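**Q** Sequence first, then the predicted structure:
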Amino acid sequence: MPRLLTILLTIFVAAAPLSAGAKVTIDITQGNVDPMPIAVPDFLGADDATSELRRDITKVLMNDLNRSGLFKVIDQRAYIIGDDVGVNVRPTFPNWRLINAQVLIVGEVVEMGDGRIQVSTRIWDTYADEQIGAVAFKTPADNWRRAAHKVADFAYKSLTGESGYFDTRIVFVHETGPKEKRVKRLMIMDQDGANPVPLTDGLNYQALTPRFSPTQQQITYMALFDNRPGQVYLFNIETGEQEQLGTFRGMTFAPRFSPDGRQVLLSVERHGNSDVFKMDLATRRLTRLTDHPAIDVSPSMSPDGRRISFTSDRGGAQQIYVMNADGSKQKRITFGEGRYQTPVWSPRGDLIAFTRQYRGRFYIGVIRPDGTGERLLTESYLEEGPTWAPNGRVLMFYRQTPSRRNGKGGGASLWSVDLTGRNVRLVRTPGDASDPAWSPLLP
Amino acid sequence: MKTLMKIAGMAASLVLLSACTTGGPDIDASAGAGTGVGAGPTGPAPGSQADLEDAAGHRVFFAYNEYTLTPQAQAVLSRQAAWLQEYPETRIKLAGNCDERGTREYNFALGARRAEAARAYLVSLGVDAARITTVSYGKERPLDPRSTEDAWSLNRNSTTTIAAAGA
């Protein structure tokens, strides 16, 4: 189990005088057709022993920046490198402007002698000839990946003004075996696909629809059994301990934490009908929120805790509804053709992501909570289950391909997309994967 | 030459056809939809799962995104009810299933609806509700792994299995 770690964050004093040049910024609310060209030379270090580590840290950083779609790291072979890439040296700006690098990120890795390393970084605006920011992290050497992600988050924040999402993890359903007898178990990995670790063994039940607690190292998910209705469980990532969330005669499913982590919203099935409930985790008190003969599923609470979106087929086909957190004022917000499902409220509160089925295809889209501004971001044979990056700017979801004529294939994989819909990327997983859930930024 | 090609073409389509019918893992599913085949002299043990499948059919099928019972489904369930009267100690499990063209979470709810529709019909025909448990597998347990209309039709079902056989 990856342990929690503390990273010391020190912003060190600017080494260069500030000039009044134009500051580089990226507006991530607009579609960035052209990613910002950026130079990232390999991080330096006094010790030859760290050369491989320094190269690896640089690679993880470059990969994070490139995958965001906002930056394009210029090929290192184009760099004109003198002795100006140290973290405490003023760069030769014309050399970087020559290759059109708008931003230069330099770094240094120092072994502390106690098993820890210090990773220092400085970010330069090459056209304004000024420093944008500098930061240093101390961390155990074997946690170097997290240090690299922290640097990427720092760069993202320095250049966009918004917090990043690179030092995060993904819990997902790992799938193996033939489609009609698939083993489905929970796995956790870093946001970039590194360090995958199984959480459940997949032997006695299928683990599905995991969701991260926004406040603790905890997951809620549904366990699907052979001979009794599926049930919602809580899973502690640190200890591996599990517990069933209450005792129910019917099925419990589609769980999701409230933004304060104190409640789990879920669907409870009774005599074939599913309604939305919330359970207080401290008191285990269950409160009914919908009471309708139609199917009500997939609840998700707004970040301010005041409203809940859910899917209902009370109007015929599945559509998205929004209600107050106490279940009052239930109101439909989607009216398009097809079926709208799996609404997930953005951590920023401004959008609800959803799955739409329309004319035999599946789409991932976003819509404002008042039902305006619907935008479809991706499309395929079958995709669903969006989850938000903690900064509310990127979504991850899963895609399933159609099976071949002989019934083979039909595998599932994780994908990410930004809000422009242009930056669609496959997420590396060890084998087939579905139902991603994005963690909050790690502490 | 022409006839040879014709024959070759026929052979090819025959191969295709048989590939289709054996493609699914559950070739007796059509028996569930159609009329029951009486157990022969070497038929399955009376009261067994195989006996239920032969005598009544153990699966009923649903239209896309629907959970209402078709007349064929009602006929199968009527035979199941009659069969269950013969084995009054037998308990059954009804599992609701969906095709892959829906979200996981909604399909759990829809599968529960399908199992409940079958349960309610059996109870209305006099089967003791205490003998029936229901479970929804959503879209997680497809009978036929293909992504075709035929496969989806098979995968939208409520399946009856014997949970505990009577004495």
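**A** Yes, it's here. Since the structure is predicted, the reported quantities are computational estimates derived from the model, not experimental observations.

**Q** Where does pLDDT dip in chain B?
**A** By pLDDT under 70, the low-scoring segments of chain B are B:1-41, B:167.

**Q** 80 instead, please
**A** For chain B, the stretches with pLDDT under 80 are B:1-42, B:166-167.

**Q** who in it is up against chain A?
**A** Residues of chain B found near chain A (Cβ under 8 Å from any Cβ of the partner chain) are B:19, B:23-25, B:65, B:93, B:100-106, B:108-110, B:112-113, B:115-117, B:119-120, B:133-138, B:140-148, B:151, B:163. Where C-beta positions appear, they are placed from N, C-alpha and C, glycine not excepted.

**Q** Just the buried ones among those residues, please.
**A** B:23-25, B:65, B:93, B:100-106, B:108-110, B:112-113, B:115-117, B:119-120, B:133-138, B:140-148, B:151 (16 or more other Cβ atoms under 10 Å in any protein chain shown).

**Q** Filter the residues you listed down to the ones in helices?
**A** Judged by DSSP state H, those include B:104-106, B:108-110, B:112-113, B:115-117, B:119-120, B:151 as members of helices.

**Q** Of those residues, which is the nearest to chain A?
**A** residue B:116 (2.5 Å; Cβ to the nearest Cβ).

**Q** Near residue A:233, how many other residues are there?
**A** 20 (other Cβ atoms under 10 Å in any protein chain shown).

**Q** That one reaches residue A:244, doesn't it?
**A** Yes: contact criterion Cβ atoms under 8 Å: residue A:233 and residue A:244 qualify, at 5.6 Å.

**Q** all strands of the stretch 1-150 of chain A, in order?
**A** Assigned by DSSP state E, counting those that start in this stretch, the strands in the stretch 1-150 of chain A fall at A:8-10, A:36-39, A:71-73, A:103-111, A:116-125, A:130-140.

**Q** shaky segments in chain A?
**A** For chain A, the ranges with pLDDT under 80 are A:1-33, A:47-49, A:82-84.

**Q** Can you name the residue of it nearest chain B?
**A** Closest point on chain A to chain B, by Cβ to the nearest Cβ, is residue A:272, at 2.5 Å.

**Q** so what's the backbone phi/psi at that residue?
**A** phi 90, psi -10 (degrees, to the nearest 10).

**Q** returning to what we had before: export the strands of the stretch 1-150 of chain A to TSV and tack on distance to chain B?
**A** Shown next, in TSV, are the strands of the stretch 1-150 of chain A (distance: least, Cβ to the nearest Cβ, whole Å):
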stretch	distance to chain B
strand A:8-10	39
strand A:36-39	36
strand A:71-73	33
strand A:103-111	40
strand A:116-125	40
strand A:130-140	37
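
**Q** and these as TSV, adding mean neighbour count and distance to residue B:54?
**A** Output for the strands of the stretch 1-150 of chain A, formatted as TSV (neighbours: other Cβ atoms under 10 Å in any protein chain shown; distance: least, Cβ to Cβ, whole Å):
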stretch	mean neighbour count	distance to residue B:54
strand A:8-10	11	71
strand A:36-39	21	69
strand A:71-73	20	66
strand A:103-111	23	72
strand A:116-125	23	70
strand A:130-140	20	65
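
**Q** could you dump the ones you listed to TSV with distance to residue A:162?
**A** Shown next, in TSV, are those (distance: least, Cβ to Cβ, whole Å):
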stretch	distance to residue A:162
strand A:8-10	18
strand A:36-39	14
strand A:71-73	14
strand A:103-111	16
strand A:116-125	15
strand A:130-140	14
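
**Q** nearest spatial neighbour of residue B:161, skipping sequence neighbours?
**A** residue B:93 (5.2 Å; Cβ to Cβ, 6 or more residues apart in numbering or on different chains).

**Q** Also residue A:98?
**A** residue A:80 (6.7 Å).

**Q** check contacts around that neighbour.
**A** A:95, A:98, A:99 (Cβ atoms under 8 Å, 6 or more residues apart in numbering or on different chains).

**Q** repeat for residue B:97
**A** Residue B:97 neighbours (Cβ under 8 Å, 6+ apart): B:111, B:114, B:136-139, B:141-143, B:155-159.

**Q** Apply 6 Å and report the result again.
**A** Contacts here follow Cβ atoms under 6 Å, 6 or more residues apart in numbering or on different chains; on that basis residue B:97 touches B:111, B:137, B:155, B:157.

**Q** give me the beta-bridge partners of the residue nearest to residue B:161?
**A** Applying DSSP bridges to residue B:93 yields these beta-bridge partners: residue B:133, residue B:161.

**Q** What separation is there between it and residue B:130?
**A** Going from residue B:93 to residue B:130 by Cβ to Cβ, to the nearest Å gives 13 Å.

**Q** what's the answer for residue A:429, then?
**A** 45 Å.

**Q** between these two, who's got more neighbours?
**A** residue A:429 (21 against 8).

**Q** Give me the number of neighbouring residues for the residue lying closest to residue B:165 once chain neighbours are set aside.
**A** Counting by Cβ to Cβ, 6+ apart, the nearest residue to residue B:165 once its immediate chain neighbours are dropped is residue B:90, at 5.6 Å. By other Cβ under 10 Å, the residues close to residue B:90 number 19.

**Q** wait, doesn't residue B:90 sit right on residue B:161?
**A** No: the criterion here is Cβ atoms under 6 Å, and residue B:90 misses it with residue B:161 at 10.7 Å.

**Q** what is the closest residue to residue A:136 other than its chain neighbours paired to in the beta sheet?
**A** Closest residue to residue A:136 apart from its sequence neighbours, by Cβ to Cβ, 6+ apart: residue A:120 at 4.1 Å. Beta-bridge partners for residue A:120, by DSSP bridges, are residue A:108, residue A:136.

**Q** What distance do you get for residue A:120 to residue B:115?
**A** Applying Cβ to Cβ to residue A:120 and residue B:115 gives a distance of 61 Å.

**Q** what do you get for residue A:183?
**A** Counting by Cβ to Cβ, the gap from residue A:183 to residue B:115 is 23 Å.

**Q** any chance you could map the strands in chain B?
**A** B:59-61, B:91-97, B:132-138, B:157-164 (DSSP state E).

**Q** most centrally placed residue in chain B?
**A** residue B:59 (2.3 Å; Cα atoms, centre = their mean).

**Q** Would you confirm that residue A:150 contacts residue A:138?
**A** No: contact criterion Cβ under 6 Å: residue A:150 and residue A:138 do not qualify, at 10.7 Å.

**Q** one step back: adding distance to residue A:35 and neighbour count, write the contacts of residue A:80 out as a markdown table.
**A** A markdown table is the format used below for those (distance: Cβ to Cβ, whole Å; neighbours: other Cβ atoms under 10 Å in any protein chain shown):
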| residue | distance to residue A:35 | neighbour count |
| --- | --- | --- |
| A:95 | 21 | 18 |
| A:98 | 19 | 13 |
| A:99 | 15 | 14 |
